[in-house]
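**Student:** Pasting a predicted model and its sequence here:
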Number of protein chains: 2
Amino acid sequence: MSSTTISIPAPADFHVHLRDGNLAKLVTPHVAQGGISLAYVMPNLVPPVTTTERALAYKAELERIDPSITYLMTLYLSPELTPDEIRKAKAAGIAGVKSYPRGVTTNSDGGIESYEVYYPVFEVMQEVDMVLNLHGEIPSDAANNICVLNAEASFLPHLESLHKRFPRLRIVLEHATTRAAVEAVKRLGDTVACTITAHHLALTVDDWAGQAFHFCKPVAKFPDDRLALREVIAEGHPRFFLGSDSAPHPAHRKSTSSPSQACAAGVYTSPILLPLLAQLLESFGALDQLAGFAGAHGRRFYKQDLGQSHPTVKLNKGPKLVQESFSAQGETVIPFWAGKELDWYID
Amino acid sequence: MSSTTISIPAPADFHVHLRDGNLAKLVTPHVAQGGISLAYVMPNLVPPVTTTERALAYKAELERIDPSITYLMTLYLSPELTPDEIRKAKAAGIAGVKSYPRGVTTNSDGGIESYEVYYPVFEVMQEVDMVLNLHGEIPSDAANNICVLNAEASFLPHLESLHKRFPRLRIVLEHATTRAAVEAVKRLGDTVACTITAHHLALTVDDWAGQAFHFCKPVAKFPDDRLALREVIAEGHPRFFLGSDSAPHPAHRKSTSSPSQACAAGVYTSPILLPLLAQLLESFGALDQLAGFAGAHGRRFYKQDLGQSHPTVKLNKGPKLVQESFSAQGETVIPFWAGKELDWYID
C-alpha cells in the first residue's frame, strides 16, 4: 500500500538563492511555503557577499522578511577573503564559503580560476571547521573541447586533489548532475558530500533543448546521469542531500525573445520544493528516503542539530496545481512545473 | 594576401525548408538573396508531401514566387509511398525521398520507425537512381540513455547497414553534427554523401543553452564535433557539401515565454547564406573550399550540370549588418545572426 501522508522532520535546503531587495521580498517567503525550515544561502549577490559584515547584514535582511527560517550564511570565495576574515566569519556563525568558477553562472564574473592562491584560506577553513561549497564546473574552452556538457566531469580532478590536500576540510560538491560526479564523491572520504537539486532529478538535456525555463547551470545531462542521481538517493547514501539551487529570475530574463540575448540560467523550485521532491522520489521508488535526503543527511553533515526548534512537515497525497507565477514588489517569477499538477501537497 | 572578392559558380543549397502559404511567400525570395540558385526542397509540410502530384504542385507554387531558382523536389518517406509512386516521381523529375525518424523534428509525426518495411521502395529508388535523404537521428528514449546528444551517433549503424544492403543507392546523411558522423560517411562508399549546415559550423551546445534562436535539430554538439565539420570542409572532401537546413519559423514560435511550451527547432540562414559561409570558412582557413562546398561537390553528387544557366555569385569583403527580422504577408521571421555584422556581402 502506498503512503498517503509523509512526515519530514525539519526539512533543509542546503543550497538556495534568495537574492536581495524586492526580489528577496518576493521569494524568501517561498522557502517556508515549499516546506523548508533551514536555508543555506548563496552569496552571489551584486556585488557578491565577501565579508562577514555583509553576510550578517544579508542575514538580518532575510530574517526581517521571514524570521521563521534558519538561515545559514556563506561568503563568496575571492581574493578579498583572507584567513583572518575566515576566523571572523566562523566566530560570527557563517557556515561556509562558496567557490564559483569564473564566468560559469549567475553573477560569477568575480569567481575563481585557480585554487592554489586560496590554499591559505582553505587551511584556516579546515582548522576552524567551515565548509567549502564548490560549483563544480570548469569554464567552457572550445580549444580544449570543454563545454557545458563536460564542464562538471572535467572539474572532478580538482575536487579530488583539493580533498587530498585538505582531507579534514568539509567540502560539498554542489548540484551534481553526472554519474561521474556521483561516483567521485562516493569514492572520496567522509568529509566530502554532494548536493542534488530537485529539477536535476526530473530533467535531461532534452528538456532544456528549446525550453529556457528548464535551462540552468550546470545543465541537465544524459538520462543515465539522471539515473545515477536517482540511484544514489534511493540507496540512502548519507553524503548526498538536498540543495535545491532554487534560482529565481525575473520572468522577462527567462524568456527568450531575441537572438541577441540568452536567458538567465536557473530553475525556480522553492515554492513547491517538498511536494515536488515527494513526487519525484516516489516516481523512482525512493519515497522512503525523502526524510533523509531532504533533512537528516544534510543536517548531520552540517552539524545542525535543530532539536525541537523546527517543525515536522506533513505531506499529503492529493492533487494540487502549481501556481503559474508569483508577483509582488514589482517582480514576477515563474516556478518550475508552472501550471502542472503535483501529486502531493503540504498540510 | 587575403581575398577581397570570391566568385562562386551556381551556388546550391541541398537542404532547405521553404514552407508553404504566406510563410513560403516571405521566405522563398530569401534563397536568391542568400546567393543560392539551386534549392533542394524538404517535403515536411502539413500534411507532408507524399505524392508526385503534390510535389509538382508545391514546385509550381515555389516557381510562382521566384522562378529564378531551380527547385529540386523531394517526397516524404511514409507507408503511402509505393515502388510505383517512386517510378512515377522519377519520371516527373522528383530528385529524392526524405526520411524522418518519428517525432524527432518539425512535422515529423508521420516519420519512420524502421527501415525494413521500406526495402521494396529503396530497391526501386536504387534502380531508378533517386536519392535517399536521411535525417540521421533516432528518437529519444530515456530507458536506453538516448537523448538529443547521442541521437545522431546512435543512428550511424542504420546508415551503414542501409548502405551495405543498397550499395548503389545514393544516400545523403543530412546536417551532420558529429565527428562520428563525418568519420562514418568518409568510411562508406562513393554513393554516400553528407550535408553540413552553416550554423553547425558556428555553434556548439553552449550557444543554444538558454538561447532558443540557436536551437535546432540535430542540436549543435561539442567543440570537437564542430571541429570535425570544419576539418572535412577544409580538406575539400567531395562528398561533403552544403545543405543549410535553413528552417524558418514564425518569430513567436522561436521565443520562449512560458514554461509549458518549448520553442520550435530551426535556425534560419537563407537570407545570409553565402556571406555567412564565406565568413565562417574564412575563420577556419577554408575560404578556398567555398566554391566546392557550396556548389560543385553537391551538384556532382546530385548529377546537376547547370551549365551556363545559373549565375556565378560574386562576394565582396566588407561589413554588412544582418537584418533584425523579415516581415511580409502577416508573417515575421528572425534570421541567424540578426543584428550582427557580416564580413562579406553579395554584389
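**Tutor:** Ah, there it is.
**Student:** Check the spacing between the closest residue to A:G285 other than its chain neighbours and A:A294 real quick.
**Tutor:** Among residues not flanking A:G285 along the chain, A:A234 sits closest, at 6.3 Å (CB to CB, 6 or more residues apart in numbering or on different chains). Quick note: C-beta positions are derived from backbone N, CA and C, even for glycine. According to CB to CB, to the nearest Å, A:A234 stands 14 Å off from A:A294.
**Student:** got it, and A:G93?
**Tutor:** According to CB to CB, A:G93 stands 23 Å off from A:A294.
**Student:** In the stretch 51-200 of chain A, what residue comes closest to chain B?
**Tutor:** Distances between the stretch 51-200 of chain A and chain B by CB to the nearest CB are smallest at A:A142, namely 3.9 Å.
**Student:** My read is that that residue contacts B:K221, right?
**Tutor:** No: applying CB atoms under 8 Å, one finds A:A142 not in contact with B:K221, separated by 11.9 Å.
**Student:** which one of these two has more residues nearby?
**Tutor:** B:K221 (26 against 14; other CB atoms under 10 Å in any protein chain shown).
**Student:** Grab the CA positions of the least confident helix or strand in chain A by mean pLDDT and hand them over as CSV.
**Tutor:** Lowest mean confidence among the helices and strands of chain A (mean pLDDT, DSSP states H and E): helix A:251-254, at a mean of 89. C-alpha atoms of helix A:251-254 as CSV (Å, rounded to 0.1, in the frame of the first residue of the first chain):
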residue,chain,number,x,y,z
ALA,A,251,10.3,36.3,-15.7
HIS,A,252,11.5,38.5,-18.6
ARG,A,253,15.1,37.3,-18.0
LYS,A,254,13.9,33.7,-18.5
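**Student:** That one: how far from the chain's middle?
**Tutor:** The chain centre lies 20 Å from the centre of helix A:251-254; the measure is CA atoms, centre = their mean, to the nearest Å.
**Student:** overlap in contacts of A:A142 and B:K221?
**Tutor:** Taking CB atoms under 8 Å, 6 or more residues apart in numbering or on different chains as the contact rule, A:A142 and B:K221 both touch B:T204.
**Student:** list the buried ones in stretch A:169-184?
**Tutor:** Residues A:169-182, A:184 are the ones in stretch A:169-184 that count as buried (16 or more other CB atoms under 10 Å in any protein chain shown).
**Student:** how would you label A:A153: helix, strand or coil?
**Tutor:** Three-state call for A:A153 (DSSP: H, G, I helix; E, B strand; the rest coil): helix.
**Student:** ok, it - contacts?
**Tutor:** Contact partners of A:A153, counting by CB under 8 Å, 6+ apart, are A:T178, A:A180, A:A181.
**Student:** so how far is A:T178 from the residue lying closest to A:E137 once chain neighbours are set aside?
**Tutor:** Distances taken as CB to CB, 6+ apart place A:A151 nearest to A:E137, at 3.8 Å, with adjacent residues excluded. The gap separating A:A151 from A:T178 is 10 Å, by CB to CB.
**Student:** now the end-to-end length of stretch A:206-218.
**Tutor:** Its start and end residues considered, stretch A:206-218 measures 14 Å (CA to CA, to the nearest Å).
**Student:** Please determine whether it lies in contact with chain B.
**Tutor:** Yes: part of stretch A:206-218 sits near chain B under the criterion CB under 8 Å from any CB of the partner chain, namely A:D206, A:W208, A:A209, A:G210, A:Q211, A:A212, A:F213, A:H214, A:F215.
**Student:** which one among the residues you listed gets closest to A:D84?
**Tutor:** A:F215 (39.3 Å; CB to CB).
**Student:** Report the strands that pair with the helix or strand A:I8 falls within, each with its relative direction.
**Tutor:** Using DSSP states H and E, A:I8 sits in strand A:5-9. Here strand A:5-9 has these sheet partners by DSSP bridges: strand A:312-321 (antiparallel).
**Student:** Mind listing what's buried along the helix or strand just after the partner strand?
**Tutor:** The helix or strand immediately downstream of strand A:312-321 is strand A:326-328, counting by DSSP H and E. Buried positions in strand A:326-328, judged by neighbour count with 16+ other CB under 10 Å: A:F326.
**Student:** quick one: contacts for the closest residue in space to A:P311 that isn't next to it in sequence?
**Tutor:** Spatially, and ignoring its direct neighbours in sequence, A:P311 is nearest to A:S37 (6.3 Å; CB to CB, 6+ apart). If a contact means CB under 8 Å, 6+ apart, then A:S37 has A:A10, A:P11, A:A12, A:S68, A:I69, A:T70, A:L306, A:H310, A:P311, A:V313 as its contacts.
**Student:** With A:T70 instead?
**Tutor:** If you count contacts by CB under 8 Å, 6+ apart, A:T70 has them with A:S37, A:L38, A:A39, A:Q304, A:L306, A:H310.
**Student:** in the stretch 1-150 of chain A, which spans are helices?
**Tutor:** Remark: helices assigned in the stretch 1-150 of chain A by DSSP state H, counting those that start in this stretch are A:21-27, A:29-33, A:52-65, A:83-91, A:119-128.
**Student:** Most tightly packed of those helices?
**Tutor:** Neighbour counts (mean count of other CB atoms under 10 Å in any protein chain shown) averaged over each of the helices of the stretch 1-150 of chain A peak at helix A:29-33, with a mean of 21.
**Student:** on that earlier part again, who has more neighbours out of A:G93 and A:A294?
**Tutor:** A:A294 (29 against 13).
**Student:** Let me know the secondary structure of the more buried one.
**Tutor:** The three-state assignment at A:A294 reads helix, by three-state DSSP.
**Student:** From what I see, it and A:P11 are in contact.
**Tutor:** Yes: between A:A294 and A:P11 there is a contact at 5.0 Å, judged by CB under 8 Å.
**Student:** shared neighbours of those two, anything?
**Tutor:** A:L242, A:L274.
**Student:** sorry, back to before: out of the contacts of A:A153, which are close to chain B?
**Tutor:** Answer for the contacts of A:A153 near chain B: none qualify (CB under 8 Å from any CB).
**Student:** need the contact list for A:D343.
**Tutor:** By CB under 8 Å, 6+ apart, the residues touching A:D343 are A:P275, A:A278, A:Q279, A:E282, A:K317, A:G318, A:P319.
**Student:** ditto for A:M125
**Tutor:** For A:M125, counting by CB under 8 Å, 6+ apart, the contacting residues are A:I86, A:V97, A:V131, A:L132, A:F166, A:L169.
**Student:** Chain neighbours aside, what residue packs nearest to the first one?
**Tutor:** When you say that, I think you mean A:I86. A:V124 is the one closest to A:I86 (CB to CB, 6+ apart), at 4.5 Å.
**Student:** re earlier: CSV for the helices of the stretch 1-150 of chain A, including mean pLDDT?
**Tutor:** Output for the helices of the stretch 1-150 of chain A, formatted as CSV (pLDDT from 0 to 100):
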stretch, mean pLDDT
helix A:21-27, 98
helix A:29-33, 98
helix A:52-65, 98
helix A:83-91, 98
helix A:119-128, 97
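**Student:** wait, which of those is closest to A:E341?
**Tutor:** Ranking these by proximity to A:E341 (CB to CB) places helix A:29-33 first, at 17.2 Å.
**Student:** Show me what that closest one is packed against.
**Tutor:** Helices and strands in packing contact with helix A:29-33 are not found; criterion 3 or more CB pairs under 8 Å, 6 or more residues apart in numbering or on different chains; DSSP states H and E.
**Student:** Just checking the distance from that helix to the centre of its chain.
**Tutor:** 15 Å.
**Student:** quick one: contacts of that helix?
**Tutor:** Helix A:29-33 is contacted from outside by A:D13, A:V16, A:L18, A:A39, A:I65, A:D66, A:S68, A:I69, A:S270, A:P271, A:F326, A:I346, using CB under 8 Å, 6+ apart.
**Student:** Can you show me the strands along chain A?
**Tutor:** Taking DSSP state E as the criterion, chain A carries its strands at A:5-9, A:12-16, A:38-41, A:70-72, A:74-76, A:96-99, A:131-135, A:171-174, A:192-196, A:240-242, A:312-321, A:326-328, A:331-333, A:341-346.
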